[in-house]
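Participant: generate coordinates for the sequence data below:
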Amino acid sequence: MKRTFLNMDSALQGSLAILLSSVLWGTTGTVANFAPQISSLAIGAFAAGIGGLLLAITARKSLRQDGQLLLQHRTTLLIGAIALAVYPLAFYSSMRLAGVAVGTVVSIACAPFMTVILERLFGKASAITPRWLLSVVLGTIGIVMLTFAESSHAQTATQQSDKLFGVMLGLLAALTYAIYAWVAKRLIENGVQSESAMGGIFGLGAMLLLPTLMFTGEHLFSSLSNTLVVTYMALIPMFLGYLIFGFGLRHVNASKATLLTLFEPVVAACFAVWIVGEIIPMQGWVGMGLIMVCLVIQASEKGSTHRVQVTD
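Facilitator: Numbering: from 1, shown residues only. Now for the predicted structure:
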């Protein structure tokens, strides 16, 4: 099995790694639902803060090796860390206000478009091919269908207002997600090891996030269920998920990586239905099917104009 994986095309390895990380991330909204006493800000700060510290500790050897390179790109690194600090606060708040499925869809599905804009404004962008455009169109249609299916039930004015604010926070999460994914790829392209790139961004981001727990984290460990929730969030989706994601970024460009993470809202929606009890009509399931088609097209695309091989 290991030999078969190593013999795979590197782009396919990267795609599979990002899909696996998306599965782990897709569990976050459902797991957070089991700790309603904890504010979304505290969950985001603890998960990304502790997960970020663990990523930095794990990457300490490569961070020492790449110290000079990171200093040369310190402005880029700081931008990525600030984006990383904002992302979980916006993301978890979006899910709390707009619902697990809608919050995840908006936060993740808008990121590919923002990443393409970043690549065109600040870096070398891969050519937009008809295959890429087809996948984006199908994915976008699927996202819209899923979102409207989730929104079809009657809501009060307050619920509609909360949901709109949640969607706006989801857009902010999408922007900050695109920024730090692009920064990580930019650092890797400039010779920084993937572990150093992710460890540096998350380590600095953790330093910005953890102090906020002094004001928001009063219920983090008030019960066994709360403790289990925040521990899982920090260790599995954040720490392990981003280790795998960093590996994937070695072999695919940032815009393709963010497109592949469209799998996350599909996973989140399925868990929201099966475990949380949210209702998604047939229109929503058709939308998720289109998102899956988008993923198949992306994952099967051969190579990348700017694929980078990194030796650790």
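
Participant: hey, let's count contacts and neighbours off CA atoms from now on
Facilitator: Will do.

Participant: and the helix or strand encompassing residue 174, what's buried?
Facilitator: Per DSSP states H and E: residue 174 is located in helix 157-189. Neighbour-count burial for helix 157-189, counted by 16 or more other CA atoms under 10 Å, picks out 162-163, 165-189.

Participant: quick one: list the elements packing against it.
Facilitator: helix 74-98, helix 100-109, helix 111-122, helix 194-209, helix 254-260 (3 or more CA pairs under 8 Å, 6 or more residues apart in numbering; DSSP states H and E).

Participant: pLDDT of the second one, averaged?
Facilitator: Just to be clear, that refers to helix 100-109. The pLDDT scores in helix 100-109 average 77.

Participant: do the same with stretch 130-137
Facilitator: On average, stretch 130-137 scores 80.

Participant: off-centre distance for it?
Facilitator: 21 Å (CA atoms, centre = their mean, to the nearest Å).

Participant: cool, and stretch 195-208?
Facilitator: Using CA atoms, centre = their mean, the offset of stretch 195-208 from its chain centre is 15 Å.

Participant: for stretch 165-180, same thing?
Facilitator: Distance, centroid of stretch 165-180 to centroid of chain: 10 Å (CA atoms, centre = their mean).

Participant: contact partners for residue 96?
Facilitator: Neighbour list for residue 96: 40, 103, 166 [criterion: CA atoms under 8 Å, 6 or more residues apart in numbering].

Participant: what about the first one, neighbour count?
Facilitator: Yep, that's residue 40 we're talking about. 25 (other CA atoms under 10 Å).

Participant: and the helix holding residue 174 with helix 194-209, angle?
Facilitator: Here helix 157-189 points in a direction 140 degrees away from that of helix 194-209 (axes from the mean of the first three to the mean of the last three CA atoms, to 10 degrees).

Participant: average pLDDT for helix 157-189?
Facilitator: On average, helix 157-189 scores 83.

Participant: how much does that helix deviate in direction from helix 100-109?
Facilitator: 40 degrees.

Participant: excluding its backbone neighbours, what's nearest residue 199?
Facilitator: Excluding its sequence neighbours, the residue lying closest to residue 199 (CA to CA, 6 or more residues apart in numbering) is residue 56, at 4.0 Å.

Participant: that neighbour and residue 205 touch, don't they?
Facilitator: No - here residue 56 does not reach residue 205: they are 10.3 Å apart, not a contact under CA atoms under 8 Å.

Participant: so where's the protein uncertain?
Facilitator: 1-8, 120, 123-128, 146-147, 149-160, 254-255, 258, 298-312 (pLDDT under 70).

Participant: try it again with 50
Facilitator: 1-7, 154, 303-312 (pLDDT under 50).

Participant: before we move on, the earlier item: residues in contact with the residue nearest to residue 199?
Facilitator: If you count contacts by CA under 8 Å, 6+ apart, then residue 56 has 63, 196, 198-200, 202-203 around it.

Participant: for it, give me phi and psi.
Facilitator: When quoted as degrees, to the nearest 10, the phi and psi of residue 56 stand at phi -70, psi -40.
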